[in-house]
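Asker: I would like to see how this sequence folds:
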Amino acid sequence: MSRHSPAQTLAKIPMFKSLSPDAVKALDGRCTWRRVKAKEWVIDYQDEGIDVFFVVGGAVRVLIYARSGREVILADLHAGGYFGELAAIDGKPRSAGVLAVSDALVAAMPGRVFMEVLNAHPDVAMHVLTMLAARVRALDNRVLEYSTLNVRQRIYSELLRLACPIPGDPNQAVMAPPPTHAEIAARVSTHREAVTRELKLLERQGYLKRRRGEVTLTDVPKLMQQLDKED
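Answerer: Sure thing, here's the model as predicted:
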């Protein structure tokens, strides 16, 4: 795209909030802007590119396919998120693929430009370091869950992680729209049938209610207690 539309700006990316409008505008011009359709791959696992991508609109999913063909979902990124920084930093192939969940607008910044920004703006570099630290902590927590929780507990833990608290009601949380059973399975390293079985059990017990376009967890404290039980 040779001309930028008003939407084609990094101004709303939290990483760049400390930069002046002129500095952000200059970076806008150094990016390649791309509109991707839902289910379209943005980058492939083990790709050799080192561009850094910023999600300006829509949502994307970071995932890996195991040799067995099983999908492993690592994260969903919405407007304001970014990916590809690891390859820009160490020059190695992509550690995961990224698939558009919805129609999305992304900005691709050349890796050398990204590194220039980090070197020139300590606030931006600190933002990246903070996000990387948060990612390491999240991965540490996932390793702990895989090592200490059974499948049922991992499913419960993921439901609690995905659900948003209902204001004014500390006992309930909602997922709207809810993830598919296959998506939950890909997040906790199990199969779809196990997720279906456990969700049906929660529904029979009254801990989960389905409505059109949403799923409600009716007793968050009770589900959290289940995570402390021995196998």
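Asker: When you work out contacts or count neighbours from here on, use the C-alpha atoms and nothing else.
Answerer: Noted.
Asker: Pull out the buried residues from the longest helix along the chain.
Answerer: Taking DSSP state H as the criterion, the chain has its longest helix at helix 122-148. Across helix 122-148, burial judged by 16 or more other Cα atoms under 10 Å covers Asp123, Val124, Ala125, Val128, Glu145.
Asker: which one of those residues sits closest to Ala96?
Answerer: Nearest to Ala96 among the buried residues of helix 122-148, counting by Cα to Cα, is Val128 at 18.1 Å.
Asker: was I right about the closest one contacting Met15?
Answerer: Yes - using Cα atoms under 8 Å, Val128 makes contact with Met15 at a distance of 7.4 Å.
Asker: In the buried residues of helix 122-148, which has the lowest confidence score?
Answerer: Minimum pLDDT for the buried residues of helix 122-148 is recorded at Glu145 (91).
Asker: domains for this structure, by residue range?
Answerer: Each structural domain of the chain that the record assigns through automatic domain parsing is listed here as a residue range: 14-147, 150-226.
Asker: So which of those is nearest Gln8?
Answerer: With Cα to Cα, the closest approach to Gln8 among these belongs to domain 14-147: 7.1 Å.
Asker: Ends of that closest one, what's the gap?
Answerer: End-to-end distance for domain 14-147: 34 Å, by Cα to Cα, to the nearest Å.
Asker: average pLDDT for stretch 165-183?
Answerer: Here the mean pLDDT over stretch 165-183 is 93, rounded to a whole number.
Asker: Give me the contacts around that stretch.
Answerer: Contacts of stretch 165-183 from elsewhere in the structure, counted by Cα atoms under 8 Å, 6 or more residues apart in numbering, are 73, 160, 162-164, 191-192, 195-196, 213-221.
Asker: now stretch 200-210
Answerer: Leu199, Val215, Thr216, Leu217, Thr218, Asp219.
Asker: ok, and the first one, which helix or strand is that part of?
Answerer: Right, Leu199. Remark: Leu199 resides in helix 192-204, with elements defined by DSSP states H and E.
Asker: Now that helix: buried residues?
Answerer: Going by neighbour count (16+ other Cα under 10 Å), the buried part of helix 192-204 is Val195, Glu198, Leu199, Leu202.
Asker: do stretch 100-112 as well
Answerer: Buried-residue list, stretch 100-112, by 16+ other Cα under 10 Å: Ala100, Val101, Ser102, Asp103, Ala104, Leu105, Val106, Ala107, Ala108, Met109, Pro110, Gly111.
Asker: From what I see, Ile64 and Ile73 are in contact.
Answerer: Yes - contact status for Ile64 versus Ile73: in contact at 6.7 Å, counting by Cα under 8 Å.
Asker: farthest-separated two in the buried residues of helix 122-148?
Answerer: With distances taken as Cα to Cα, the most widely separated pair in the buried residues of helix 122-148 is Asp123 and Glu145, at 33.2 Å.
Asker: Rebuild the domains of the chain as a markdown table, extending it with distance to Gln8.
Answerer: Rendered in a markdown table, the data for the domains of the chain read as follows (distance: least, Cα to Cα, whole Å):
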| stretch | distance to Gln8 |
| --- | --- |
| domain 14-147 | 7 |
| domain 150-226 | 27 |
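Asker: where does this structure have low pLDDT?
Answerer: 1-6, 230-231 (pLDDT under 70).
Asker: For it, which segments count as helices?
Answerer: 21-28, 85-90, 111-120, 122-148, 151-162, 181-188, 192-204, 220-226.
Asker: what bridges to Cys164?
Answerer: Val174 (DSSP bridges).
Asker: And the one 5 residues further on, by the same measure?
Answerer: For Asp169, the beta-bridge partners are Ile166 (DSSP bridges).
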